[in-house]
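[1] Okay, sequence plus prediction incoming.
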Amino acid sequence: MEPNGSGSDASRQVQVRFVTRLPPPLRVPPASMAVPSHLTRFGLSDIVNLLLKNSDPDHENQPFDFLIDGELVRMQLDEFLIAKGISAEKVLELEYVKAVAPRKQEDPRPHDDWVSAVDGSNSSFILTGCYDTFVRIWKSGDVSECTHVLEGHTGAITSAKFIDIRGVENEQNFHLVTGSKDRLLRLWKCDAAKRRGDPIRVGAYKILAGHTSSVQSVSVNPSREMICSGSWDCSIKLWDVKESEEDGDGNTISLKKRKVNSKTKESEDARLEGAATSTLVGHTQCVSVATWPDPDVLYSASWDHSVRQWDVPSGKETWTMVCGKALNCLDIGGEGSALVAAGGSDPVLRIWDPRKPGSLAPIFQYSSHSSWISACKWHPRSWFHLLSASYDGKVMLWDLRTAWPLAVMESHQDKVLCADWWKDDSVVSGGADSKLCITSGIEIQ
Amino acid sequence: MGKEKYEESSSDEEVNSSSDVVEASSDEEVESSSDEVEASSDDVESSEDESSSDNEKVEESDSSEDEVAPRNTVGDIPLVEWHKDEEHIGYDIKGRKIMKQPRKDKLASFIEGADDPKNWRKIYDEYNDEEIELTKDEIKIIQRVISGRTPHAEVNPYEDYVDWFEYEDKGHPLSNAPEPKRRFIPSKWEQKRVANLVRKIRAGLIKVSDQHKEEEHNVYSLWTDDTDSVENKKHGGYVPAPKPKLPGHEEAYNPPVEYIPTAEEINSYELMYEEDRPKFIPRRYLNYRSVPAYDKGVKESFDRCLDQYLCPRTRKKRINIDPESLKPKLPSRKDLRPYPTTCYLEYRGHMGPVNCISVDPSGQWLASGSTDGTARVWEIETGRCLKIWEVGEVARQICWNPSPDRPILAVVLEYDVLLLNSGMGDIDIQTKMKELLHISEPGATEDAGDSKSAVTWIQHEKHDGIRMKHFKAVLSIEWHFKGDYFTTVVPSGDSKAILLHQLSKKHSETPFRKLGIPVTAVFHPSKKKFFVATKKFVHVYDLSKVEKIQKLETGVREISSISIHPGGENIIVGSKEGKMCWFDLELSTRPYKTLKVHSKDITRVTFHRTYPLFASASDDCTAYVFHSTVYSDLNQNPLIVPLEILRGHKPEHGRGVLDCKYHPRQPWLFTAGADSIIKLYCH
């Protein structure tokens, strides 16, 4: 201690105890200790790292985040205590978790045009849709390798989804669905057989026609047998893909022959068409997103400023929430997979709790973006983490326990059009700079 | 008796003036005091001469006793107590002590009293310390008073009545006649009248209110300041002088330290204006005598004199009006949400100023035309440019067909109008459009009668559309809301200035013959009406009868654009001098409101289709957003509230924002700038 300098600072100390739910090598002794009250999370992180190093000399320094009463510390300790009205007299319990931050920026996967759709639900492959009408499948790995190119759409791809997430290593077949601005959905199957050289060109085995305007989003239900699609024609259509899969396998039953213009080459890939099993009507403007998180419940967001919940068996609306902005993205997740996160024509990411009766006000609002929000996704396993992508070129990671973004990824030079989690610890995002960016090393317990 | 009285009073005078006379007169009357009646007769003669001589005194002698000043001057004090031990009883008028008479002892005085036969009428005057002997007359008066008679024997209560007035030979004598009898008996006519009233009251013809009315007390406040009362004001009024502030501690010669201004404060006073500077700056003096004279005293009293001389205190009629209250009460901008405020998206790609934009009826696509010779279609949601037509000339105006089944774009070039298939919509629509935009016999559809026809319909091979070749330069185009008819304006076309075209028949006609130089023409959003704007007027036509209904006088120098409210009864007109006029067709042919908002030319005014919004774009690089509520109640005037100024475009060759259009379903505004960027402002 210095003899006289900063005596007052040194005297302002807080008794803290570090606790954690991390595995044993990252646990510090539970004794309480006094730390200067002006420390921020970086100082606290240093202390924890020092303690860990004392017990284990091989420990490598890593950043931690600190929780007080379930809220992340994002300012000086004393300021936090004053802001939250917590007494500094008691021993403060600081729970530390590994800081969520991107650690590695992988090489972007170049595309020929704007990347408008991405799906990261398969752990070994990434599915991207592009404005050049092609859908691509990328294999995980350090080398950017495009294994398949799915061709057939005549408009920009707006949405692409894996129907089965089986194929990790042993499963050889993908089953995919894509929606496009050419008003059609296409179902695809492809073989994931490893092959060197040029990507395999694949054609759709089935076309789902019915929408009269651009298909904006496609979503698969939890049982993986049905898909839903939202479109600019204000409707949501549900399609049965289980049956069609069999059709595709059998490849015999002829449905409706698609009207084919003799001039174009469509005649050669004249294929089976499927029709929608049901249509949900209620939105008055473009349905920008429809998601199907629960077998019986479907959520949709629209440019008519509303989020609607649909009961699938009856096809009725069960809950409507008007937020005042045209909505571009919607995801269901969080606590009990019940929170609704949505973003739209303003820079605010809003989160609602539909279980809360009487109130339609958002429970969280995050406004660090500076332009429209184009995508938001909950982390598949965590209740607290979600990501958002915006036209300002940033992808942000959010934790519900703090109002500031955990991390801001500025890997794109232009609008980010789509983003998703991949393999639980990476974020994949595609944008108007024709790149698929992969940010990995995001550890979320 | 009366004469006796005179005598007595005169003798009483003498008692006071000289004690000898008193002695003499009193001696005289000693015997007769017991029997007054006999003695009086004797005295009449003896005192007759005296009485005559004393008469003058008698005249003024009613209060003569009061006028005799008492010898002692000490006043009404308890003499016995206070002067018991003193040698004197008081002071005379000159201030000398009045010594006490030598006190006789009781025995001596008794003996003296027994010897003296007049002792019974002697009184001791304690105040003057002397003995007074009452005269015979005084005793008489006392006796008369005791017996209840008048004090003076000469007063006769039963004197004869002497009339004060004379009656004889006078013009208007006071009547001496006795009161006539009629004065004492009730009047017959009055009785009749009363009876009449009573009868009427009983019959109910006259109503008598039983309620006894409380007399209103005229209460007024006695002590309050009534300078502001109505009465006072009427007569010019009394104007009280303003009350000066009472002196406080700071004006003491040695005020507490906290009242003393610091050096900085004193310096800061120097920087203030003369009026704002404090009038008095507290200072400390060691003692009271070192306080200097008030240096401004002379000046202030001079000013005060000047004030009184030159500025008589009269009430100044000053109207205190809060300037805020004069502003029209407009609703808060917050309550009028949503309206476009912030630019979130930009549509970049054009290489030259973007002249015109148009949003497709579904709100998914945006078309734009530019001086770089291209027309483009953009995806609104992402800002992606989907299609580019190289039209080769400056695209002056572009317009989507308002029918959702006909995704056709009309582009105005110099002499041509291109009808292009936008390629949106599904397969069925596309095939229909191809049929619609196909001309079997090129050039055959024109007016056969005219030697030089106004329009020629030609198939455009390059862009797979129709090219309508006009004989003069085309300025603007507007679709009918059903999407089959459209109009083009050829300003220099004289009688063929306004052209109506039908897309399905590929037919053109010129129904309006006589016009000035038209600027723009629009269709009514629901009725069969047509609006043509010339440089200064807006003409309203009925399309079914082809006749003029109204002529709106804008009062502006040159109209640049007009827009019709979706209700159809209100029009806004933008002018080249930056003025905007709002017309209510039901109200008047003159502007209901003229808004001078822009500093340069207004290039475009536009209404929102569903939201109560309108906007104006101008060459001063701004776009204004207004709220406009049009009430269905005809008595209520439209409410116009300016909401937002949208900036962001950069000037290019003196031009700013060239076009603005609202999104058909969202409260969003698109602006096209001379800086070749299209911006989208969202709420």
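    Nice, thanks for sending it over.
[2] tell me which residues in stretch A:308-322 are buried?
    For stretch A:308-322, burial by neighbour count (16 or more other Cβ atoms under 10 Å in any protein chain shown) applies to A:Arg308, A:Gln309, A:Trp310, A:Val312, A:Glu317, A:Trp319, A:Met321. Quick note: C-beta positions are derived from backbone N, CA and C, even for glycine.
[3] okay, among these, which ones form the most distant pair?
    A:Val312 and A:Met321 (18.4 Å; Cβ to Cβ).
[4] ranges for the helices of the chain?
    Going with chain A. Secondary structure of chain A by DSSP state H: the helices cover A:7-11, A:41-55, A:77-84, A:242-250.
[5] could you do chain B instead?
    Assigned helices in chain B, in chain order: B:2-17, B:19-28, B:36-46, B:48-59, B:64-67, B:79-82, B:106-115, B:136-146, B:188-203, B:230-234, B:263-271, B:297-310, B:323-326, B:427-436 (criterion: DSSP H).
[6] Could you list which of the buried residues of stretch A:308-322 also contact chain B?
    With the criterion set as Cβ under 8 Å from any Cβ of the partner chain, no member of the buried residues of stretch A:308-322 is near chain B.
[7] and those residues, which of them are in strands?
    Among these, the members falling in strands are A:Arg308, A:Gln309, A:Trp310, A:Glu317, A:Trp319, A:Met321 (criterion: DSSP state E).
[8] ok, A:Phe364 - contacts?
    A:Arg350, A:Ile351, A:Leu400 (Cβ atoms under 8 Å, 6 or more residues apart in numbering or on different chains).
[9] hey, what's it bridged with?
    A:Ile351 (DSSP bridges).
[10] Quick check: residues of the stretch 101-250 of chain A near chain B?
    A:Trp114, A:Ser116, A:Tyr131, A:Ala156, A:Arg183, A:Thr212, A:Ser213, A:Ser214, A:Trp232.
[11] Would you point out the most distant pair within the residues you listed?
    Maximum pairwise distance in these, criterion Cβ to Cβ, is 24.2 Å, between A:Trp114 and A:Thr212.
[12] which of these two has more neighbours?
    Between A:Trp114 and A:Thr212, counted using other Cβ atoms under 10 Å in any protein chain shown, the more crowded position is A:Trp114 (24 against 16).
[13] I'd say the more buried one and A:Leu436 touch.
    No - using Cβ atoms under 8 Å, A:Trp114 makes no contact with A:Leu436, being 10.9 Å away.
[14] For the residue lying closest to A:Ile126 once chain neighbours are set aside, give me its contacts.
    Nearest residue to A:Ile126, sequence neighbours excluded (Cβ to Cβ, 6 or more residues apart in numbering or on different chains): A:Trp138, at 4.4 Å. Contacts for A:Trp138 (Cβ under 8 Å, 6+ apart) come out as A:Arg109, A:Phe125, A:Ile126, A:Leu127, A:Thr128, A:Ser144, A:Glu145, A:Cys146, A:Thr147, A:Leu436.
[15] picking that back up, can you lay out the ones in strands among the buried residues of stretch A:308-322 as TSV showing distance to B:Tyr309 and pLDDT?
    Below are these laid out as TSV (distance: Cβ to Cβ, whole Å; pLDDT from 0 to 100):
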residue	distance to B:Tyr309	pLDDT
A:Arg308	84	90
A:Gln309	87	90
A:Trp310	91	90
A:Glu317	87	89
A:Trp319	84	86
A:Met321	78	87
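[16] quick one: B:Tyr285 and B:Glu251 touch, right?
    No - checked against Cβ under 8 Å, the pair B:Tyr285 and B:Glu251 is beyond contact range at 11.9 Å.
[17] what about stretch B:503-522, how long is it end to end?
    17 Å (Cα to Cα, to the nearest Å).
[18] now that stretch, how far from the centre of its chain.
    57 Å (Cα atoms, centre = their mean, to the nearest Å).
[19] Quick check: buried residues in that stretch?
    B:Leu503, B:Lys506, B:Ser508, B:Thr510, B:Phe512, B:Leu515, B:Pro518, B:Val519, B:Thr520, B:Ala521, B:Val522.
[20] Sketch out the low-pLDDT regions of chain A for me.
    Residue ranges of chain A with pLDDT under 70: A:1-11, A:141-144, A:165-172, A:192-197, A:243-272, A:445.
[21] Distance of the residue most central in space within chain A relative to A:Leu397?
    Centroid check for chain A by Cα atoms, centre = their mean gives A:Lys377 as the closest residue, at 2.7 Å. From A:Lys377 across to A:Leu397, the span is 10 Å (Cβ to Cβ, to the nearest Å).
[22] list residues touching both of the two?
    In contact with both A:Lys377 and A:Leu397: A:Leu386, A:Leu387, using Cβ under 8 Å, 6+ apart.
[23] where does the stretch 1-150 of chain B dip in pLDDT?
    Scanning the stretch 1-150 of chain B for pLDDT under 70 picks out B:1-69.
[24] 80 instead, please
    B:1-71, B:79-81, B:83-84, B:101-104, B:126, B:129 (pLDDT under 80).
[25] I'd like to know which residues of it are adjacent to chain A.
    Checking the stretch 1-150 of chain B against chain A by Cβ under 8 Å from any Cβ, there are no hits.
[26] returning to what we had before: identify the contacts common to A:Trp114 and A:Leu436.
    By Cβ under 8 Å, 6+ apart, the residues touching both A:Trp114 and A:Leu436 are A:Gly430.
[27] Neighbours of B:Ser147, how many?
    Neighbour number of B:Ser147 under other Cβ under 10 Å is 7.
[28] Show the backbone phi and psi for B:Gly654.
    Backbone torsions of B:Gly654, given as degrees, to the nearest 10, read phi 80, psi 10.
[29] quick one: contacts for the closest residue to it other than its chain neighbours?
    Nearest residue to B:Gly654, sequence neighbours excluded (Cβ to Cβ, 6+ apart): B:Asp619, at 6.9 Å. Neighbouring residues of B:Asp619 by Cβ under 8 Å, 6+ apart: B:His598, B:Lys600, B:Asp601, B:Thr603, B:Pro651, B:Gly654, B:Arg655, B:Gly656, B:Val657, B:Leu658, B:Ala674.
[30] what's the second one in contact with, if anything?
    With contacts defined as Cβ under 8 Å, 6+ apart, B:Lys600 is in contact with B:Gly578, B:Ser618, B:Asp619, B:Asp620, B:Gly656.
[31] Return the member of those residues nearest to chain A.
    Taking Cβ to the nearest Cβ as the measure, chain A lies nearest B:Gly656 of the contacts of B:Lys600, at 23.5 Å.
[32] hang on, isn't the closest one packed against B:Gly673?
    Yes - assessed by Cβ under 8 Å, B:Gly656 is found in contact with B:Gly673 at 6.8 Å.
[33] overlap in contacts of the two?
    Contact criterion Cβ under 8 Å, 6+ apart; residues bridging B:Gly656 and B:Gly673 by contacting each: B:Cys621, B:His649.
[34] how much space between B:Lys548 and B:Phe512?
    9 Å.
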